[in-house]
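1. Take a look and give me a structure for this.
(chains A, B and C)
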Amino acid sequence: MTATDVAADVTAPGPMTPRPYRVVARRQDTHDTATLDLIPLYGEQAHWRSGQFMMLYAFGVGEIAVSISGGALPGEPLRHTIRDVGAVSHALTQTKVGDVIGVRGPFGTSWDAMDAVGGDLMFIAGGIGLAPLRPSILEAVRRRGEFRRVILLYGSRPGEGFLFTDEIEEWERLHGFTVHQGVRAGLADVVNDPSFDPAMLLTLACGPDIMMEVAAKTLTDRAVPPQKVRLSLERSMHCGIGLCGHCQLREAFMCVDGPVFSYDQLVPLLATEEL
Amino acid sequence: MTTTAVRTKPTVAVWKFASCDGCQLNLLNAEDELLEVADTVNIAYFPEATRTMLPGPYDVSLVEGSITTPEEIERIKMVREQSGVLITIGACATHGGIQALRNYADVEEYTRYVYAHPEYIETLETSTPISEHVKVDFELRGCPVDKYQLVEVIAAFAQGRRPRIPTYSVCVECKRAGNICVPVVSGEPCLGPVTQAGCGAICPSFNRGCYACFGPQDSQNCHGMADRLAALGMTNDEMVRAYRTFNATCEPFHAESMRHERARKAGAEEVEA
Amino acid sequence: MRTMGLAAIDELVAVLDGAGYEVFGPRVRDGAIVLAPISGVADLPRGVGDEQDAARYRLRDRGDDRLFGYAAAAQGLKPVLFPSDELLVRIRKTPIGFDLEEPEAPARPRAFLGARDCDLRALAVHDTVLSSREFADKSYGQRRDGVFVVAVSCADPCGTCFCVSQGGSPKPGDGYDLALTELVDDAGHRFVVEVGSERGAEVLAQVTTAEAAESDLAAVDAQVAEATASMGRTLDTEGLPELMFAAADSPHWDTVAARCLACTNCTLVCPTCFCTSVEDSTDLSMSTTERHRVWDSCFGARFSYIHGGVVRASGKSRYRQWITHKLAGYQQQFGLSGCVGCGRCITWCPAAIDITAEAAALRASLADPETDLETAGEAR
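-> Numbering: from 1, shown residues only, chains lettered A, B, ... in the order given. Got it, this is the predicted structure:
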């Protein structure tokens, strides 16, 4: 590369500049979790895929990475389900309809749930981890006939509360989802079920690291190919675009190589503590 | 600022305990920002700056100084009761200050040297941080505090957010400022690597080593630092002083100073591992 | 090939200045060589050399007239092209939302006089990391765009230099518009010039030069060969990425952690380190906020913070992250080494930790677990 090869696009807004989005609907999900529907103040709505995340900016407070919890069909508002755990998430959960926040994205890899077509699809969610899975769950609902079994294991810590309970009931009743309350027990039921076919199963998991690791290990021990267990990891993200270095897990940038990884990619990365 | 005027502005009180007033002075020194501060908050009690003294309770209390007398123990409890948020400002209030050197000495003897009539002096044997007596919501470091950090803390609490106060080392500020590393280029000892940023790397900017007045950074390795200081020729005696000067009551500095004091007393060349 | 005399350096700076460049070059400040704006030869460190070792940097009087007789300066090009604090966007609250205002690109492109091969290879790393992937760093691109480089061969590498181990050379190989090799011998004080770009040729045409003699070229070769042979340190790169990954659980990290002060200096002087934080600040009335990109470091605790805790809590995990990323992670991420062998992390580490010695110790610990790790790490 010579000194003159690198040219910058000096007119387009930089990737670190947020776009203003207005809160058009707000729902309080649990005591500390709220869901916001957002539309851009001007310009086109962003297009995203299930599993991707946005950087949400609360004016004057700061910015955090939040997975998209809404459907990815054209025309749907951008939806985020946010748990109040820090200064920025607090400010975001406190917004009211009509407020304006900043949005950058979408960023990161997607669940690609449709890889399970013709087979079984299992969602494993811990706490707020149900939110990033919801876009793929809606996909599975919409195209339910293309899957054999669709399973949802959902657990939460005591006091954390449960998200989307109305919808879960509907997924079970109207769309034939097999729903288990509690991840560990549900997992035992699934793998001990006589109809359990490890070669036919695609698993998408989102929750605390330890929950996902236990689930991935249990499944791969029962002959599920590690490529077909996908996990969404959380690490410190500042830029969302692979430039700032915060979210690195060895050679992986969580924000561009993740957040969704298949378990075979993660085995060497999760083997060492504090990596 | 019609919008802020309509809202009730949070009330702020500034309190003094055993201290030199330098931190309060830094608030007064923030002339440009102070007008805006006054627009944002209502300074209800600040004897050093104004005769107006509105009664409590106060939304935010800034506390300067450490606890060195029985009277102060009672007074800080009273301050706590009247305060929504209590913020300590400076090394005295946060880590005992220079006067915490008494914690390692015989206070009665000190008093005899200093005062003509020591019998009139009622004092505690120790200088302790505010957090040893009441709950503290935020501790701002420095001897004195940095005025920009002070304004940031006031703004953050007035705006209902966490203050942006970094906890990494002075070296980060030094390198960002383009300073040349003092110990590397001159061999002069510098405590910057174990010290929390916030001052803007003032001393290294003037080619002096850091004196650690902001206390330990979040990942301090005081033991490893001491090994390097020794390599630059620092004696155990100097090491004891280096770690005690401003923040003697904070654990990592205290522990490291004790290690060198034991070595000094033992007359040993080497300190224990 | 052409040669030019000392006076031509002044001409060169004037030509660049006249062409609109802000010219940066080496200067002495606070006991070290730094890169700063210059207006001519008078600003350059004539006759100044350096001595560098772990945690030690001293300038010395060379006893000659060389302008570029020192090794790696305190920083590479990073502080100019990737500043420690960059305003990204200013955001103002409006009745309906907020307005966004990005700062203008710098008015004048930069020219660098005196960049070394390690500086240019580091620049190529930054170009790859910051400008060649899906998302580019806009402000870096703006500062990088149109940069003019007058590189200089290293005549006198220092004790912490090991560029040759990292595929570099005292003589700039690529990425320059003009490259000078400074010669001081019986034939006089002169610079042999190589042209690296059309722009370089255009600039050189406006400067007084003469045809280089065979003997000049021979002198360049001899000087470069001598410099190549006098690297202060070496780093064995055979199978290094695999080795670094394999060493993830080595007990050696504990011995480094005992010495490492987690001060961040190595990362902030490293010309390829690119980690930053996004900082949003606000005025007191909450009407305007600014977003800044500031240098950060994987040695800080907050760096890996997510709600509920810090991913890399121990000092050893942070040192491991840094050196593994440098010597192995970059290879996976960008297809190149993150280390150009400039030696700055060794010189400017206040704890005298030496990346070449640590890599050697890790290699030894994997080869023979019985190796005395403590001594291996400190030996050189």
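2. Would you mind listing what in the stretch 51-200 of chain A touches chain C?
-> Taking Cβ under 8 Å from any Cβ of the partner chain as the criterion, the stretch 51-200 of chain A approaches chain C at residues A:57, A:59-63, A:85-86, A:89, A:100, A:102. In short, each C-beta sits where N, CA and C put it, glycine included.
3. among those residues, who's most crowded?
-> Each of these was scored by neighbour count (other Cβ atoms under 10 Å in any protein chain shown); the top score is that of A:Tyr57, with 28 neighbours.
4. Read off the pLDDT value for that one.
-> Here, the pLDDT recorded for A:Tyr57 equals 95.
5. Just the closest of the residues of the stretch 51-200 of chain A next to chain C to chain B, please.
-> A:Val61 (5.2 Å; Cβ to the nearest Cβ).
6. Roughly how far does the residue nearest to that closest one when sequence neighbours are not counted sit from A:Asp37?
-> Once flanking residues are discounted, A:Val61 sits nearest to A:Ala91: 4.4 Å by Cβ to Cβ, 6 or more residues apart in numbering or on different chains. From A:Ala91 across to A:Asp37, the span is 17 Å (Cβ to Cβ, to the nearest Å).
7. just B:Ala156 next, same as before
-> 30 Å.
8. Low-confidence ranges, the chain, go.
-> Just so you know, I chose chain A. Across chain A, the ranges flagged by pLDDT under 70 are A:1-11.
9. Oops, wrong one, chain C.
-> Applying pLDDT under 70 to chain C flags the ranges C:369-380.
10. at 80 what do you get?
-> Applying pLDDT under 80 to chain C flags the ranges C:284-285, C:307-308, C:368-380.
11. Which residue is it, in it, that comes closest to chain A?
-> Per Cβ to the nearest Cβ, C:Gly141 is where chain C lies closest to chain A, at 2.6 Å.
12. Any buried residues in stretch A:213-233, and which?
-> Neighbour-count burial for stretch A:213-233 flags A:213-216, A:218-220, A:224, A:226, A:228-233 (criterion: 16 or more other Cβ atoms under 10 Å in any protein chain shown).
13. quick one: which of those sit in strands?
-> Members of the buried residues of stretch A:213-233 lying in strands (criterion: DSSP state E): A:229-232.
14. mind putting these in CSV, distance to chain B included?
-> Compiled in CSV, these are given as follows (distance: Cβ to the nearest Cβ, whole Å):
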residue, distance to chain B
A:Val229, 35
A:Arg230, 34
A:Leu231, 29
A:Ser232, 27
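15. quick check, nearest of those to B:Arg162?
-> When these are ranked by distance to B:Arg162 (Cβ to Cβ), A:Ser232 comes first, at 26.6 Å.
16. so who does the closest one touch?
-> Applying Cβ atoms under 8 Å, 6 or more residues apart in numbering or on different chains, we find A:Ser232 in contact with A:51, A:67, A:111, A:129, A:132, A:204-206, A:258-261.
17. Then B:Ser131?
-> Going by Cβ under 8 Å, 6+ apart, B:Ser131 touches B:88, B:94, B:139.
18. May I ask which helix or strand encompasses the last one?
-> Taking DSSP states H and E as the criterion, the element that holds B:Glu139 is strand B:138-140.
19. Tell me which other helices or strands that strand touches.
-> Secondary-structure packing of strand B:138-140 (3 or more Cβ pairs under 8 Å, 6 or more residues apart in numbering or on different chains; DSSP states H and E): strand B:83-89, helix B:91-95, helix B:147-159.
20. Need the contact partners of that strand.
-> Where contact means Cβ under 8 Å, 6+ apart, the residues beyond strand B:138-140 that reach it are B:85, B:87-90, B:93-94, B:131, B:149-150, B:153, B:157, B:163, B:165.
21. Adjacent strands (with direction) for that strand?
-> Partner strands and pairing direction for strand B:138-140 (DSSP bridges) are strand B:83-89 (parallel).
22. which phi and psi does the closest residue to A:Tyr154 other than its chain neighbours have?
-> If the residues on either side of it in the chain are set aside, A:Tyr154 comes closest to A:Ala125, at 4.8 Å by Cβ to Cβ, 6+ apart. With angles defined as degrees, to the nearest 10, A:Ala125 shows backbone torsions of phi -130, psi 130.
23. where do the strands sit along chain A?
-> Secondary structure of chain A, counting by DSSP E: strands at A:19-30, A:33-40, A:53-58, A:62-67, A:78-83, A:100-107, A:120-126, A:150-155, A:178-181, A:201-206, A:229-232, A:248-249, A:252-253, A:260-262.
24. start to end distance for stretch C:239-252?
-> Taking Cα to Cα, to the nearest Å, the span from the opening residue of stretch C:239-252 to its closing residue is 19 Å.
25. buried set for it?
-> By neighbour count on 16+ other Cβ under 10 Å, the buried set for stretch C:239-252 is C:240-241, C:243-245, C:247-248, C:250, C:252.
26. same deal with stretch A:267-275?
-> A:270, A:274-275.
27. Equivalent analysis for stretch A:44-64, please.
-> Across stretch A:44-64, burial judged by 16+ other Cβ under 10 Å covers A:46, A:48-64.
28. And for stretch C:38-57?
-> With burial defined by 16+ other Cβ under 10 Å, the residues of stretch C:38-57 counted as buried are C:38, C:40-41, C:43-46, C:48-57.
29. Outline the domain layout of the chain.
-> You didn't pick a chain, so chain A it is. Under automatic domain parsing, the residue ranges defining each domain of chain A are A:19-107, A:113-270.
30. Actually, chain B is the one I wanted.
-> Residue ranges for each domain of chain B read B:2-159, B:170-266, as given by automatic domain parsing.
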